[in-house]
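Colleague: predicted model follows, preceded by the sequence.
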Number of protein chains: 2
Amino acid sequence: MNRVLEDVIHRHAANTDRITAENTLGYVVSDNTTGNVAATSFDNTSAQGIVKHMNGILVGIVQSAVRDLDPTNKLCYLRVQTRKFEYLVAPEELFTITVLQ
Amino acid sequence: MNRVLEDVIHRHAANTDRITAENTLGYVVSDNTTGNVAATSFDNTSAQGIVKHMNGILVGIVQSAVRDLDPTNKLCYLRVQTRKFEYLVAPEELFTITVLQ
């Protein structure tokens, strides 16, 4: 796992715990360069599924769609509301955070 | 264009006008079976671009991702926030509504 990312996650651990204790079902942070799970509250299988589908495939495709429609535009945030829960996907430069609520 | 869809759009025309007059940049309604633009406030080229990318490719892929993660789950609503504006995509059975705000 990325050294910088590890630091960021560690620095915000208290905040993460406070937020996730309330209304969320869980979260996954993934490293963008390697595609690995950096931190999560889920078991490994679920986390890797979410990273693969949401952080990996989906963010890339949505980013392409946004750029195709307007080349000067950029994806900031993605919300996928489903019948059971909502995926909140925040793609950053080095990492991608996905929260389920 | 689908007859049912035409009726629905016509029936809600007053509402649509009221809502779009306030905070939105525009909207596109597309027919799911044919993929054509059914109603829009954009010019034809922009509308078709949005329908192709958002209503067509994206909704299908997001739907697949959601189902892959949980086969009993279903996509209800998609929000794509970009630097310039936000796409709100509501996929229904017969039609898909995309609003830009």
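Modeller: Sure, I can see it. Numbering: from 1, shown residues only, chains lettered A, B, ... in the order given.

Colleague: count the residues that sit near residue A:35.
Modeller: Using other Cβ atoms under 10 Å in any protein chain shown, the number of residues around residue A:35 comes to 13. For every residue, glycine as well, the C-beta is placed using N, CA and C.

Colleague: what residues does chain A put near chain B?
Modeller: Residues of chain A lying close to chain B (Cβ under 8 Å from any Cβ of the partner chain) are A:49-50, A:53-54, A:57-58, A:61-62, A:65-66, A:68-70, A:72-85, A:87.

Colleague: and these, which are buried?
Modeller: Among the residues of chain A next to chain B, those classed as buried by 16 or more other Cβ atoms under 10 Å in any protein chain shown are A:49-50, A:53-54, A:57-58, A:61-62, A:65-66, A:69, A:75, A:78-82, A:85, A:87.

Colleague: among these, which lie within strands?
Modeller: Judged by DSSP state E, these include A:75, A:78-82, A:87 as members of strands.

Colleague: need the max-distance pair from these.
Modeller: A:75 and A:82 (19.4 Å; Cβ to Cβ).

Colleague: quick one: residue A:96 is in a strand?
Modeller: Yes. Read with DSSP: H, G, I helix; E, B strand; the rest coil, residue A:96 is one of the residues of a strand.

Colleague: could you measure from the closest residue to it other than its chain neighbours over to chain B?
Modeller: The spatially closest residue to residue A:96, leaving aside those adjacent along the chain, is residue A:55, at 4.1 Å (Cβ to Cβ, 6 or more residues apart in numbering or on different chains). Distance, residue A:55 to chain B, using Cβ to the nearest Cβ, to the nearest Å: 10 Å.

Colleague: who's in contact with residue A:55?
Modeller: Listed by Cβ atoms under 8 Å, 6 or more residues apart in numbering or on different chains, the contact set of residue A:55 reads A:28, A:30, A:32, A:35, A:89, A:91, A:96, A:98.

Colleague: ok, residue A:57 next?
Modeller: Residue A:57 touches B:61, B:65, counting by Cβ under 8 Å, 6+ apart.

Colleague: 7 Å - rerun?
Modeller: residue B:65 (Cβ atoms under 7 Å, 6 or more residues apart in numbering or on different chains).

Colleague: what does residue A:61 give?
Modeller: Neighbouring residues of residue A:61 by Cβ under 7 Å, 6+ apart: B:58, B:61.

Colleague: before we move on, what about residue A:47?
Modeller: If you count contacts by Cβ under 7 Å, 6+ apart, residue A:47 has them with A:28, A:37, A:40.

Colleague: show me what the first one bridges to in the sheet.
Modeller: Going back to what we said before, that points to residue A:28. Beta-bridge partners of residue A:28, counted by DSSP bridges, are residue A:40, residue A:98.
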